[in-house]
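# what follows is a predicted protein model with its sequence.
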Amino acid sequence: MSPRFDGPGIVVVGASLAGLRTCTALRRLGYDGRLTVIGDEPHPPYDRPPLSKEFLAGRADGADLSLPGAGLGITWQLGRRATGLDLTARTVEIDDGALFPFGGLVIATGSAARPWPAPAPPAGVHTLRGLDDARSLRAALRRDGRLLVIGAGFIGSEVTATARGAGVEVTLVEPEPQPLRRAVGAAAGEFLAALHRRAGVDLRTSTKVLSLDRVREHTGARLSDGTDVTATAAVVALGSAPSTDWLTGSGLDTTEGVLCDRHARALLRDGTPATDVVAAGDVARWPHPWADTPGITLGHWSHATEQAEIAARSLLFPETPADYRPVPSFWSDQYDVKLRSVGFPALADSVDVRENDPDTRRLDVAYYRHGRLIGALTGNRVARIAAYRSRLATDLEGEAGATAAAGR
Ligand SMILES: Cc1cc2nc3c(=O)[nH]c(=O)nc-3n(C[C@H](O)[C@H](O)[C@H](O)COP(=O)(O)OP(=O)(O)OC[C@H]3O[C@@H](n4cnc5c(N)ncnc54)[C@H](O)[C@@H]3O)c2cc1C
């Protein structure tokens, strides 16, 4: 089944989870035409979650992370960066000036770690997004050293936990009063703070790093609490931003991510879908019925996987596109605690803390908005998260049914 994209076929930009999963779905749905994947990293697709966990701890290597892509009939263009998109000529431009024509286009360029703001940080200050970053951070971690982690979001917290597990002293600096406060609220943030402190982390909350410098082998940081920290390695973990630079001037709406409709079709600035262009994964901004804004972005593994399926369907069957209405889910492993989240804890206006016990390492928080369950976060309570998920899924399906019945 290829007539729709005879000739140049489908081009996927971004050779990682969302790009690969879209290719897998395209083939499974019957597409047997040309499939080209362009990726700026030199590596074939690999899984990122272990980078801050098993890989950093030295318990996994590059080969353990690889995502299976054999047998899909893909022409790989690795180590090549897309620099432009022309929707009229229907070409993607590459950094060496080459043009790749496409019939259908999948945008799956993910997101990039937010850098330390100007002026640029001194040498030896790391960010963590890709395999090469993780290799260089792993090489810099020394058992007798001190690591400075700037930002106690998911990546900063996981790096901290992994480094402590390897016996490295860590100072973790976070401007909010608790780690991950904006994502999961104060109560769960307090649980996470307790985990760090009990592991011997020097956690500085409500504190900012004002400046960084390097003296010989050491990174020095001046903190807003008036103290200085000296570390043998430093990690800037300030979150990530969608990788949309290459789409500038293309006509697509790329404000805070590639804006899509509910079928994962990329939208032009006038709000109409671009012909045969879809987006999936961290790079996409898309509407969810429970979010008040026209679009949200999610940096979750499961989202990249699930939206890829919808994107493939929209490309192949534009007359009957599927809706993307997931119950988002996320996991994070910190110390010996398996954190699991479903729904949208960040959108809650009230929380019910059912369990919060750093001694037993157990957490169970339900999040509500306007009195209705909107999300949950558990620690070492995997069975409970399944129950929350099915309740949220039932609510979402019920609403979809009601919307359809009302003809909206
Ligand atoms: C260290 C780390 C730990 C994580 N842990 C978890 C976890 O525990 N649980 C969880 O749910 N999620 C986790 N995530 C998030 C998860 O890995 C991402 O949501 C997922 O990788 C998104 O997939 P993606 O394909 O959309 O984007 P990405 O994986 O970012 O892939 C995008 C690809 O496109 C490439 N690219 C960018 N611009 C261009 C261009 N112009 N031309 C060509 N190629 C380009 C990028 O280099 C990259 O290879 C973690 C992420 C990181 C970095």
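Here it is on my side, so go on. Residues are numbered from 1 along each chain as shown.
# tell me the average confidence for stretch 340-355?
Over the span of stretch 340-355, the pLDDT mean works out to 97.
# one more: stretch 301-318?
Regarding stretch 301-318, the rounded mean pLDDT is 97.
# tell me which residues in that stretch are buried?
301-316, 318 (16 or more other CB atoms under 10 Å). Bear in mind the C-beta positions are built from the backbone N, C-alpha and C, glycine included.
# residues near Val11, how many?
Val11: 25 surrounding residues under other CB atoms under 10 Å.
# that one belongs to a strand, doesn't it?
Yes - counting by DSSP: H, G, I helix; E, B strand; the rest coil, Val11 is found in a strand.
# partners of it in the sheet?
Under DSSP bridges, the beta-bridge partners of Val11 are Thr36, Leu105.
# assess the claim that it and Val106 are in contact.
Yes - contact criterion CB atoms under 8 Å: Val11 and Val106 qualify, at 7.3 Å.
# which residues does whichever residue of the stretch 101-250 of the chain sits closest to the ligand contact?
Closest approach between the stretch 101-250 of the chain and the ligand, counting by CB to the nearest ligand atom: Gly110, at 2.2 Å. Going by CB atoms under 8 Å, 6 or more residues apart in numbering, Gly110 touches 14, 16-18, 242-243, 281-283, 304.
# contact partners for the residue nearest the centre of the chain?
Nearest to the mean C-alpha position of the chain, by CA atoms, centre = their mean, lies Gly299 at 2.3 Å. Residues near Gly299 by CB under 8 Å, 6+ apart: 111, 240, 282.
# and for the second one, the neighbour number?
Using other CB under 10 Å, the number of residues around Ser240 comes to 19.
# got any ranges where this structure has weak pLDDT?
For the chain, the stretches with pLDDT under 70 are 1-3, 404-408.
# enumerate the residues of it near the ligand.
Contact residues, the chain versus the ligand (CB under 6 Å from any ligand atom): 13-19, 38-41, 48-49, 51-52, 81-82, 108-111, 128-129, 155, 243, 246, 281-283, 299-301, 304, 330-332.
# gap between Ala139 and Leu147?
For Ala139, the distance to Leu147 equals 13 Å [CB to CB, to the nearest Å].
# okay, those two: which has more neighbours?
Per other CB under 10 Å, whichever of Ala139 and Leu147 has more neighbours is Leu147, with 27 against 9.
# check contacts around the more buried one.
When contacts are counted by CB under 8 Å, 6+ apart, Leu147 touches 141, 159-160, 163, 168-171, 231-235.
# name the element it belongs to?
For Leu147, the host element (DSSP states H and E) is strand 146-150.
# listing partners with orientation, what would you give for that strand?
By DSSP bridges, strand 146-150 pairs with strand 169-173 (parallel), strand 233-236 (parallel).
# got the buried residues for stretch 191-200?
So for stretch 191-200, counting by 16+ other CB under 10 Å, buried means 191-196, 199.
# which residues does it contact?
Here stretch 191-200 makes contact (CB under 8 Å, 6+ apart) with 152, 157, 160-161, 164, 169, 172, 178-180, 184, 203, 205, 334-335, 337, 356, 358, 361, 363, 379.
# chain center to that stretch, what's the gap?
For stretch 191-200, the distance from its own C-alpha centre to the chain's C-alpha centre is 24 Å (CA atoms, centre = their mean, to the nearest Å).
# Arg361 is in contact with Arg381, correct?
No - with contacts counted by CB under 8 Å, Arg381 stays clear of Arg361, the gap being 9.9 Å.
# neighbour count for these two, which is higher?
Per other CB under 10 Å, whichever of Arg381 and Arg361 has more neighbours is Arg381, with 21 against 18.
# ok, the more buried one to Thr360 distance?
Counting by CB to CB, the gap from Arg381 to Thr360 is 10 Å.
# what comes up buried for the longest helix along the chain?
For the chain, the longest helix by residue count, based on DSSP state H, is helix 382-405. For helix 382-405, burial by neighbour count (16+ other CB under 10 Å) applies to 384-385, 388-389, 391-392, 395-396.
# go through those residues and name the one nearest the ligand.
Relative to the ligand, the closest of the buried residues of helix 382-405 is Ile385; by CB to the nearest ligand atom it sits at 13.0 Å.
# what sits against the closest one?
Taking CB under 8 Å, 6+ apart, we find Ile385 in contact with 329, 340-342, 376, 378.
# I'd like the distance between the residue of the stretch 101-250 of the chain closest to the ligand and Asp282.
Separation of Gly110 from Asp282 (CB to CB) stands at 4 Å.
# which residues do these two both contact?
With CB under 8 Å, 6+ apart as the test, Gly110 and Asp282 both reach 18, 242, 304.
# surely the second one and Arg285 touch.
Yes - the pair Pro242 / Arg285 is scored as a contact, 7.3 Å apart, by CB under 8 Å.
# now for those two: what residues contact both?
Common neighbours of Pro242 and Arg285, counting by CB under 8 Å, 6+ apart, are 256-258, 297.
# which strands border the strand or helix carrying Asp276, and is each parallel or antiparallel?
In this structure, Asp276 sits in strand 273-279 according to DSSP H and E. Pairing partners of strand 273-279, with direction, according to DSSP bridges: strand 104-107 (parallel), strand 265-267 (antiparallel).
# most tightly surrounded among these?
Most buried of these by mean neighbour count (mean count of other CB atoms under 10 Å) is strand 104-107; its value is a mean of 30.
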